[in-house]
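K.L.:
fold the following for me, if possible:
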Amino acid sequence: MDTESDKWSKTLWDYLCLRQPLKKSDVIIGLGCHDLRVAERSAALFLEGWAPWLLFTGYQGNQTAGVWTRREADVFLDVALRSGVPRDHVLLENEATNTGENLRFSYRLLQERNIPANRVILVQQPFMERRVYATFLCQWPQQMEPTTQAFVTSPQIDISHYPNPSVGTASDLITYMLGVMERIRDYPEKGFQVEQEIPPGVLSAYHWFLQAGYRPK
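P.N.:
Here you go, the predicted structure:
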């Protein structure tokens, strides 16, 4: 990408990444996707002692349907076990096909297992942090758990280290971020996530890429 593209892609990345500080929690929830680094980050947090439980959620989504032959949660489990996470500390939810279902179905599983969820750590790709948090605020059953706090995190990489053969190129990343931007804009009206302010500079980045021929995924 040229310098102009780099500037605008960094603008989107910096808006979408929340970089929240973490607190010790009851459970770490790794949301399924096509990036195994999310599973690695989830496992590392468990092994560092951030929570006594690790939950992976995901059937197949936009980036894994038709590509992976196994469910996202099952693939993530393999990564965690190879990292040294004990199997009896991992829960699996392998029906969810979108972010809202990831959260609602995870909550349901925790309730079924009588595992507290006063604090949860949510792990996804960096550019998904803002959307995951907005979805949590809307779709986690807060009427049942009004004190639940969520902390969102992701693999600790910058934008230049995101692309790889498994997740795609820098151009693919731009299309992913554009898709997330569209959902942040449109989903509050559908009741899928809370409304969030989109600064003018971020909107300028979004429209610059559309005019340059990129299409949201």
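K.L.:
same for the lengthiest helix in the chain, what does it pack against?
P.N.:
Longest helix in the chain, counting residues (DSSP state H): helix 170-190. The helices and strands touching helix 170-190, judged by 3 or more CB pairs under 8 Å, 6 or more residues apart in numbering; DSSP states H and E, are helix 3-16, helix 129-139, helix 200-211. Bear in mind the C-beta positions are built from the backbone N, C-alpha and C, glycine included.
K.L.:
so which of those helices is the most packed in?
P.N.:
Comparing the helices and strands packed on helix 170-190 by mean neighbour count (mean count of other CB atoms under 10 Å), helix 129-139 ranks first with a mean of 21.
K.L.:
could you point out which element follows that helix?
P.N.:
Moving toward the C-terminus from helix 129-139, the next helix or strand (DSSP states H and E) is strand 149-153.
K.L.:
name the residues that touch that next one?
P.N.:
The contact list for strand 149-153 (CB atoms under 8 Å, 6 or more residues apart in numbering) reads 18, 20-23, 25, 41, 45, 118-124, 129, 132-133, 136-137, 140.
K.L.:
can I get the helices and strands packed on helix 170-190 in a markdown table with distance to Q60 and mean pLDDT?
P.N.:
Converted to a markdown table, those look like this (distance: least, CB to CB, whole Å; pLDDT from 0 to 100):
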| stretch | distance to Q60 | mean pLDDT |
| --- | --- | --- |
| helix 3-16 | 23 | 96 |
| helix 129-139 | 18 | 97 |
| helix 200-211 | 27 | 98 |
